[in-house]
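>>> Predicted structure and sequence below. I'll ask about it afterward.
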Amino acid sequence: MNLYTELIAVDIGTSCIKLVSIEHGPGRQGYIVKNLELQELPAGLIGGDFTNPFISDMPVFKEILSGMVRKVKHSRQGYVIGLPDRWVKLHLNTMQLTENERKSPEFLSWRLEKNLPIPEGMRVMVDFQILNSVAGESDSFHVLAAAVKSDIIDILSRITTDLGMEVMAFDTSSLGIFNLFEEVYPEKILDQIVVNLHVGHETTVVKAYSAGCLLYERVIEVAGEEFAKIISEIDTVNLENAMRAKESEKFFPVSRDDIALLVNKRQRIDRIFGNWLRELNVTFRFFQEKFNVSRLPTIFMTGGSTMFAGLDNFLSEYFETSCFLFNPLNEIPLAKKIDTRLVAKGPTFAACVGLLAK
């Protein structure tokens, strides 16, 4: 696995911030995880979407980030910061480009900004990646563009500058996950499509990749927080208790005995997860029709809200395809072991580790 050791990854989510840094092991054999931090955030501190991203309390956010940065005790070149998926607008383009145009980032950024569906008067920062050429057309290329509102980048830049953080790049967190998956399972992506199902606190992000390039994306506004809210309504408890119940309660069968036990909870489970499953079903069926895919490809799951025991087997049967939980901390060749309790949280850290993937 090829990872940056000179950078520190910070993944900003709506419920927590993650920080990861690694270094080479002795003789550059394997890696040593130097920092693996997760700090929960007050409700409502980070929110909004592409048109209205916000940090509701700047001093609180700055203090939390400062506390995490202070734990980094070794010098690095700088930080790469992952932004919430809801803040970033991804757009797949097919563009005719001359050789000179391909070599001009300023021109391409300007051209993409004009083509992107951006509200009039909204200032954005645009980054892009030329993925590959269109088959049979030497001057046409698939281009992935990412846009984020300039104001939120300006705010984050001021905060990180005040904290003495040299930011090398802002990125969209979940895109790097595929780079990790590609290195671990090269045989699973060869001449085939794979799907990443990333379930976080507020959103579920579905990304399909073909030949190493993003093919399709949809953001679903249902995820871990919504599951907890429904539990809160059913059990008449506050959201904090519902979040704890969500993490400890069994919803999906792991053994034969579980099947009998969960039959009586069928209505409860359907009420908690039914809307999410219906949205996934609509998403996958649309994807299959659009790209003429008869059978759903392999699904690999990441994110803190995918860690329900038995969920991978349940989804495998529900969607009639292979579905499994991807834990990058299990796959990194480690020169020094880390606490098994932290390793178990690997799917939660997947997007953050992905920011370090080369």
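Looks like it arrived, so ask away.
>>> Return the set of buried residues in stretch 257-277.
262, 268, 269, 272, 273, 276, 277 (16 or more other Cβ atoms under 10 Å). From N, CA and C alone the C-beta is placed, and that goes for glycine too.
>>> Mark which of these are part of helices, please.
Those of the buried residues of stretch 257-277 mapping onto helices are 262, 268, 269, 272, 273, 276, 277, per DSSP state H.
>>> which residues in the protein form helices?
Going by DSSP H, the chain shows helices at 58-69, 99-102, 105-115, 150-162, 175-184, 186-189, 224-235, 239-248, 256-263, 266-290, 311-319, 328-331, 340-343, 346-354.
>>> Would you reformat these as CSV and include mean pLDDT and distance to residue 3?
Listed next are these as CSV, based on pLDDT from 0 to 100; distance: least, Cβ to Cβ, whole Å:
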stretch, mean pLDDT, distance to residue 3
helix 58-69, 96, 20
helix 99-102, 86, 28
helix 105-115, 85, 25
helix 150-162, 97, 22
helix 175-184, 86, 9
helix 186-189, 82, 16
helix 224-235, 95, 27
helix 239-248, 88, 29
helix 256-263, 83, 37
helix 266-290, 95, 30
helix 311-319, 95, 25
helix 328-331, 91, 10
helix 340-343, 87, 16
helix 346-354, 94, 8
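>>> Can you say which of these is packed in most?
Of all the helices of the chain, helix 346-354 carries the top mean neighbour count, a mean of 26, counting by mean count of other Cβ atoms under 10 Å.
>>> how much distance is there from that helix to the middle of the chain?
Centre-to-centre, helix 346-354 and its host chain are 8 Å apart (Cα atoms, centre = their mean, to the nearest Å).
>>> Same question for stretch 96-107.
Distance of stretch 96-107 from its chain centroid, counting by Cα atoms, centre = their mean, is 30 Å.
>>> How about stretch 111-119?
24 Å.
>>> just stretch 48-56 next, same as before
17 Å.
>>> Then stretch 331-351?
Worked out by Cα atoms, centre = their mean, stretch 331-351 lies 17 Å from the chain centre.
>>> Over to stretch 7-17?
The chain centre lies 11 Å from the centre of stretch 7-17; the measure is Cα atoms, centre = their mean.
>>> May I have that stretch exported as CSV, CA atoms only?
Extracted C-alpha coordinates of stretch 7-17, given in CSV (Å, rounded to 0.1, in the frame of the first residue of the first chain):
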residue,chain,number,x,y,z
LEU,A,7,1.4,14.6,5.3
ILE,A,8,-1.2,14.6,8.0
ALA,A,9,-4.8,13.9,7.1
VAL,A,10,-7.7,15.7,8.8
ASP,A,11,-11.2,14.6,7.8
ILE,A,12,-14.0,17.0,8.8
GLY,A,13,-17.4,15.4,9.2
THR,A,14,-20.7,16.6,10.5
SER,A,15,-20.5,14.6,13.7
CYS,A,16,-16.7,14.3,14.3
ILE,A,17,-13.2,15.2,13.1
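>>> can you list contacts of it?
Residues outside stretch 7-17 that contact it (Cβ atoms under 8 Å, 6 or more residues apart in numbering) are 18-21, 35, 38-41, 46-47, 64-65, 68, 72, 76-84, 86, 168, 173, 200-202, 224-225, 304, 349, 351-353, 355-356.
>>> Residue 37 versus the closest residue in space to residue 304 that isn't next to it in sequence, what's the distance?
Distances taken as Cβ to Cβ, 6 or more residues apart in numbering put residue 348 closest to residue 304, at 4.0 Å, once the chain neighbours are dropped. Relative to residue 37, residue 348 is positioned 12 Å away (Cβ to Cβ, to the nearest Å).
>>> intersection of neighbour lists for the two?
residue 18.
>>> quick revisit: enumerate every residue touching the residue nearest to residue 304.
So residue 348 contacts 18, 38, 303, 304, 307 (Cβ under 8 Å, 6+ apart).
>>> In this structure the fourth one contacts residue 223, no?
No. In this structure, residue 304 sits apart from residue 223 without contact. The criterion is Cβ atoms under 8 Å, and the distance is 9.2 Å.
>>> the domain parsing of the chain - what is it?
Domain assignment of the chain by automatic domain parsing yields the ranges 7-87+149-173+328-354, 89-147, 189-325.
>>> what's the span of the last one from first residue to last?
With Cα to Cα, to the nearest Å as the measure, the first residue of domain 189-325 is 16 Å from its last.
>>> How confident was the prediction at the closest residue to residue 204 other than its chain neighbours?
Take residue 204 and drop its neighbours on the chain: the residue closest to it by Cβ to Cβ, 6+ apart is residue 220, 4.2 Å away. On the pLDDT scale, residue 220 is placed at 94.
>>> Tell me, how many residues neighbour residue 220?
Residue 220 has 18 neighbours, counted by other Cβ atoms under 10 Å.
>>> And it, how close does it get to residue 147?
20 Å.
>>> ok, now residue 240?
In terms of Cβ to Cβ, residue 240 sits 35 Å off from residue 147.
>>> Residue 180 too?
To residue 147, residue 180 is 24 Å away according to Cβ to Cβ.
>>> Same check on residue 107?
16 Å.
>>> show me what contacts residue 60?
Taking Cβ under 8 Å, 6+ apart, we find residue 60 in contact with 42, 45.
>>> From residue 41, how far out is it?
In terms of Cβ to Cβ, residue 60 sits 9 Å off from residue 41.
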